[in-house]
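# Here's a sequence, model it:
(chains A, B and C)
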Amino acid sequence: MSEKIMLSEDRYFDPDPKHKEIALGLYKQVAGKPLVCPHGHVDPRMFADPDYDFGSPADLLLIPDHYIFRMLYSQGIPLESLGVPRVDGGAVESDHRKIWQIFAENFFLFRGTPTGGWLAQELHDVFGVSEKLNGESAQAIYDQIADCLAKPEFRPRQMFERFNIEVLATTDAAHDPLVHHKAIRESGWKGRVVPTFRPDGVVNIDRPDWRENIEALGEVCGFEITSCKRLIEALENRRAFFKSMGATATDHAALTPLTCELSAEDAEAIFQRALKGETKGHDTEIFTGHMLMQMARMSVEDGLVMQFHPGSYRNHNPTVFERFGFDKGCDIPVPVDYTRSLKPLLDRFGNDARLTLILFTLDETTYSRELAPIAGHYPAVKLGPPWWFNDSLNGMRRFRDQAMETAGLYNTAGFNDDTRAFPSIPARHDLARRVDANWIAGLVVRGIVDMDDAEEMIHDVAYGLAKRAYKFD
Amino acid sequence: MSEKIMLSEDRYFDPDPKHKEIALGLYKQVAGKPLVCPHGHVDPRMFADPDYDFGSPADLLLIPDHYIFRMLYSQGIPLESLGVPRVDGGAVESDHRKIWQIFAENFFLFRGTPTGGWLAQELHDVFGVSEKLNGESAQAIYDQIADCLAKPEFRPRQMFERFNIEVLATTDAAHDPLVHHKAIRESGWKGRVVPTFRPDGVVNIDRPDWRENIEALGEVCGFEITSCKRLIEALENRRAFFKSMGATATDHAALTPLTCELSAEDAEAIFQRALKGETKGHDTEIFTGHMLMQMARMSVEDGLVMQFHPGSYRNHNPTVFERFGFDKGCDIPVPVDYTRSLKPLLDRFGNDARLTLILFTLDETTYSRELAPIAGHYPAVKLGPPWWFNDSLNGMRRFRDQAMETAGLYNTAGFNDDTRAFPSIPARHDLARRVDANWIAGLVVRGIVDMDDAEEMIHDVAYGLAKRAYKFD
Amino acid sequence: MSEKIMLSEDRYFDPDPKHKEIALGLYKQVAGKPLVCPHGHVDPRMFADPDYDFGSPADLLLIPDHYIFRMLYSQGIPLESLGVPRVDGGAVESDHRKIWQIFAENFFLFRGTPTGGWLAQELHDVFGVSEKLNGESAQAIYDQIADCLAKPEFRPRQMFERFNIEVLATTDAAHDPLVHHKAIRESGWKGRVVPTFRPDGVVNIDRPDWRENIEALGEVCGFEITSCKRLIEALENRRAFFKSMGATATDHAALTPLTCELSAEDAEAIFQRALKGETKGHDTEIFTGHMLMQMARMSVEDGLVMQFHPGSYRNHNPTVFERFGFDKGCDIPVPVDYTRSLKPLLDRFGNDARLTLILFTLDETTYSRELAPIAGHYPAVKLGPPWWFNDSLNGMRRFRDQAMETAGLYNTAGFNDDTRAFPSIPARHDLARRVDANWIAGLVVRGIVDMDDAEEMIHDVAYGLAKRAYKFD
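Sure thing, here's the model as predicted:
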């Protein structure tokens, strides 16, 4: 039973004919614009090695992508049977055709989900797959993708160019020596791939790998990190290095958005307790809060854009974490309170236009209640796109619906794709541009903005806002 | 002034002609399917007695239904004047025509509410009422309903069959001897009416009637419940009995979703304090949390589906509670945090596919933030329909909008009507099928799913998901 | 480049032709009804002085309106450059044409915001401006507004009459001698302008100006306020005075919705600590909570409608507060919990139909979770319109969508404009009437209410509900 994938030209738009016509018109104005990708998790190694090989279709599309395998897992399919590598190196399924077959037979689980949408588009647009993925079509589609991947035009650099990516930011640990970024620069290839400075591994002292990270940071800095003071020196040092390698931004996660200012003595005392593995009470939270203040201070000084996305309870499932490690679809959000938590940071730096603080949230209740009023008042603050909902039609709509009236469009930072799945980038930007064109068309058709404004807005949303907010010029 | 009730064929659908056409087509595919009713509060006595008499129209529709009389009360109409019985047996209005008149004169209060909607449909479809209910039409409509109720085809069993109910689950206390269920089975009548095991009365030690319930449970088990250990034995014992009587599920309420694992000693100590009426601090919350863990453990063992709906502050209004007792429209929701609260239970049982844990919420902020990510990851978890919003067009839409993209449709448990009002069951299922057909049509018309997928989805939503999740087969 | 403002007759309505037609029809039924303005911050001085002069266009539209200048500030434009007066009297821009030019050049920031919408309508409808405001049109539009303001028909009383305002309530401190209200009454002018009793300044003991306010209150009462008991006497005294001046309502803000009942001794002890500047712990919160109970008690006695809007963290930005004072766009909401917090007050007065308690929120998560169930049960409670979202199309829609099905329309208090910007009043009411007509049309077109009901609903929403809830008759 061969069913065709339907990717209609006017997909994702509201059905009202007038609304749809305007949306399609706005979309077409920006559909071909270069892609600005200021935040994501693509591996820079892909672009360092001109002959980089993606491996099998399962290697490319399934095994590294927790958005996909977590849905299968939720229905009782063991991760081992999907080839997800175990921490202990224990056996997992190695027949990639078998893995692909399971995936295809369960692809119906993604009906109505964003993952299902961009995956279908990626298969269609990038690999020319025109049949629906299911148990019957599985192996033929596997062959078709594998054939593509064997061709030179499916090397990452060639795809980067074909995708019309203007700039792609990766996310890199503070101690990362950025060897792949160096290799890219030295190779003479023109693609712009820049690092982003993400020091969570050394700033969040409850991380299981914190001590390793501290040691690795000391090594790359050339001095041992024996104190909080030295940690701060190391971070300043690394930020300068990242900046020299093209970075324009930093990135920070934390369980809560708490910020606070400790005395040097108190910060030092916590750091020493952490070194000894003897942290207590709120040590973790207030140390992170203190370091966020330091990071904001450094951003004021060096101009790196500061991104902050709190509120994800990491590795919520200990069984999966112990067997498979980080980033396996087990991060679950918690409620957050930005108004009180960010106050210390905003008190000190919120009025300083040298700082760009881009806030993200998983707690959508904060859109209208906290984030929009904060961004609509403080010169330093901009709102990032809706994080886990960056590929979600409803999630993007809710963000526009709840934040724009108060924050105003020009206090936002445009779109980012936040993906690990490199070949999905065009599909994600295309979806975002469609959803935004549809949103703006909704304003036009209700007489809220006129077409002149709408045209400027869609260009800003699809391209200009991200470029300016992240200082890519 | 006689006004006709308008029940248009395409009601509840979006107005866009294309959207509406698809919605109507999908709806028609499932409009006649049998009703699966896995969760509700219909009195089993109705089906035990073949000659059960509903009483007057006020007895049937108004006096027992707090969704209706609470709206009248909110406008200052005393519950006494509506015939709601007092705890102390004090006088209340006994002229049911007077009660009905008040109701009819105030029926405009329900404009735009779901209660107004399903009540109009129930009056129309079940009792043939074609006029709008108001002060002028009140007595004629009263007569018309009373005439119906006098006829044999308006006995509960006949309605059950006419409604095409495939299975109806009631909700029953742990100590309930299930005499009506026994009588139904022994009567030879073919209707499938099964109990659901709800042990809140003995598990939530802050209940005013806890000691009575413990005693009643001991009596029905044949041993005195003098310890937590005995309580657990009693519960295991009763679950086996309920299962033998056709139960496939349990049901649990609590103020918060907290789960935790106490030592046997600590649990015992709290139980003993409760027996003496000397509980303190967090005793209530952690004892309930501990018992929920026990319940999950038992569900893994006996296969009963576990339903959990925390977050309702019961009997919020002491004046009404003291005068009229439980379930008088005075339960008010509070915010809940599932991510942290359920972690102990999920740590232990969340990866166990033998457990089916169906979660409900009244705090809609948890849909996208917590429940969808949890259901979209943990094999044991499914999402129930939107509880108090089961008859709410907007509430059902919000649930679909906020939870489906992340959880996926196949991690949900279909629809349930959760009603005490037996004759409203067809109207409620019809409304849900319309709203879901409209939701799926919205996906089709936006190019998110194709018609083949849509047709499978509507069948699952209207019938298959509930049947499978609750193990009715 | 001259661009015309487009104010289409059918703006703000859904684009579906049938929906739009019904919405327009409903809107036209109420577009010309008198304006009931039960809650706002217009300065009564305007109406006391028959020759009151609004000053320059910047004085009228920009400098006093933090909804406008906060958006410019968020983009790094200093408040000094916009002529916002400094607390210390320091120099700020005094060339109002320069200020206006900055505003006009940045007016694109308001694209898609409610502020942008009502401002465009106000310029068009009140001042006849038919060009879009931008850098090029700035000075011509300035001239046009200035010309208008010089004419007698642009005096406040003339505008009040032209706007067809039936009643306008101002908001006034407890110690306010209401001299302007007196002057209005004595002038013989027929416009109905009434005060509202707002005692926050003497009830919230953490206010920086609390002691001054206490002294001022003592002065106006003729006795020194040396105790909590005296404070309560003073408040009763002032309420009677306000009532004699036409007041029908009181208004209360607090950080949290906590209510509680202290013993006379405890309340007195906190009051004495506050007098000495020695408050501690939760003194502030529980004293406010205690005074709210007193206020509810007085409302039961004197019949003044009690308005309560908790949840705004006032003066969040200390830099701006120190330089520019209160109400500068730096109030940021926090999450609130009404269910537990209001319980003490509702326990005591919630069933008393003599009390009308109108609740507002900035935390939209409480609409469906807490406020709608509370209003849909307690006789004393009604829901106010959506506060900061009173001019927001999406905010008003979310309120209707999330609160109406449970609360019912007749437990709401209609619309209020809550504005300081007097000439924007017609635009705000027009927008609300459009949004509500569109909401009700959505119910009609989905078969939820019929046209007869819809017509009664739009009249109630646009006029009757506010008039009845605030006891204007």
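
# Whichever residue of chain A sits closest to chain C: neighbour count?
For chain A and chain C, the shortest gap (CB to the nearest CB) falls at residue A:447, measuring 3.0 Å. The way it works is simple: take the backbone N, C-alpha and C, and place the C-beta from them, glycine included. The tally of other residues near residue A:447 (other CB atoms under 10 Å in any protein chain shown) stands at 18.

# Which helix or strand contains it?
For residue A:447, there is no enclosing helix or strand under DSSP states H and E.

# Which residue is the nearest non-sequential neighbour of it?
What sits nearest to residue A:447 in space, not counting adjacent residues and going by CB to CB, 6 or more residues apart in numbering or on different chains, is residue C:11, at 3.0 Å.

# who's in contact with that neighbour?
Going by CB atoms under 8 Å, 6 or more residues apart in numbering or on different chains, residue C:11 touches A:446, A:447, A:448, C:434.

# which residues touch the first one?
Which is residue A:446. Residues in contact with residue A:446 (CB under 8 Å, 6+ apart) are C:11, C:12, C:13, C:14, C:15, C:393.

# Is it possible to get TSV of the residues you listed that adds secondary structure and pLDDT?
Shown next, in TSV, are these (DSSP: H, G, I helix; E, B strand; the rest coil; pLDDT from 0 to 100):
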residue	secondary structure	pLDDT
C:11	coil	95
C:12	coil	96
C:13	coil	98
C:14	coil	98
C:15	coil	97
C:393	helix	95
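
# C-terminal to the strand or helix carrying residue A:185, which secondary structure element comes first?
Assessed by DSSP H and E, residue A:185 sits inside helix A:179-187. For helix A:179-187, the following helix or strand on the C-terminal side (DSSP H and E) is strand A:193-194.

# Please enumerate residues in contact with the next helix or strand after that next one?
Using DSSP H and E, the helix or strand that directly follows strand A:193-194 along the chain is strand A:197-198. With CB under 8 Å, 6+ apart as the test, strand A:197-198 has contacts from A:171-174, A:238-239, A:242, A:247, A:249-253, A:304.

# contact partners of the helix or strand following strand A:197-198?
Remark: after strand A:197-198, the chain's next helix or strand is helix A:200-203, criterion DSSP H and E. Counting contacts by CB under 8 Å, 6+ apart, the residues outside helix A:200-203 that touch it are A:173-175, A:207, A:209-210, A:213-214, A:217, A:225, A:231, A:234-235, A:252-254, A:287-288, A:291-292, A:295.

# Contact residues of the stretch 351-473 of chain A facing chain C?
Within the stretch 351-473 of chain A, the positions near chain C by CB under 8 Å from any CB of the partner chain are A:351, A:353, A:365, A:368-370, A:373-379, A:381, A:401-402, A:404-406, A:408-411, A:440, A:443, A:445-450, A:452-453, A:456-457.

# So what are the structural domains in chain A, by residue number?
Following automatic domain parsing, one gets these domains for chain A: A:17-52+A:155-469, A:55-151.

# Turn those into a markdown table, columns for distance to residue C:48.
Listed next are the domains of chain A as a markdown table, based on distance: least, CB to CB, whole Å:
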| stretch | distance to residue C:48 |
| --- | --- |
| domain A:17-52+A:155-469 | 33 |
| domain A:55-151 | 59 |
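
# Just the closest of the contacts of residue A:446 to residue A:195, please.
residue C:393 (41.9 Å; CB to CB).

# Tell me who's in contact with that closest one.
Contacts for residue C:393 (CB under 8 Å, 6+ apart) come out as A:405, A:446, A:448, C:12, C:114, C:117, C:431, C:435.

# how close does the residue of chain A closest to chain C get to residue C:117?
Distance, residue A:447 to residue C:117, by CB to CB, to the nearest Å: 9 Å.

# Same check on residue A:454?
From residue A:454 to residue C:117 the distance is 15 Å (CB to CB).

# re earlier: just the buried positions in the helix holding residue A:185, please.
Neighbour-count burial for helix A:179-187, with 16 or more other CB atoms under 10 Å in any protein chain shown as criterion, is recorded at A:180, A:181, A:183, A:184, A:185.

# quick check, nearest of those to residue A:23?
Distances from residue A:23 to the buried residues of helix A:179-187, taken by CB to CB, are shortest for residue A:184, at 37.5 Å.

# Where does pLDDT dip in chain A?
Applying pLDDT under 70 to chain A picks out residues A:1-2, A:6.

# Residue in it with the shortest distance to chain B?
Closest point on chain A to chain B, by CB to the nearest CB, is residue A:11, at 3.0 Å.

# From residue C:368, how far off is that residue?
Distance of residue A:11 to residue C:368, computed by CB to CB: 31 Å.

# in the stretch 201-350 of chain A, which spans are helices?
Counting by DSSP state H, counting those that start in this stretch, the stretch 201-350 of chain A has helices at residues A:210-221, A:228-244, A:264-275, A:283-302, A:318-324, A:338-341, A:343-349.
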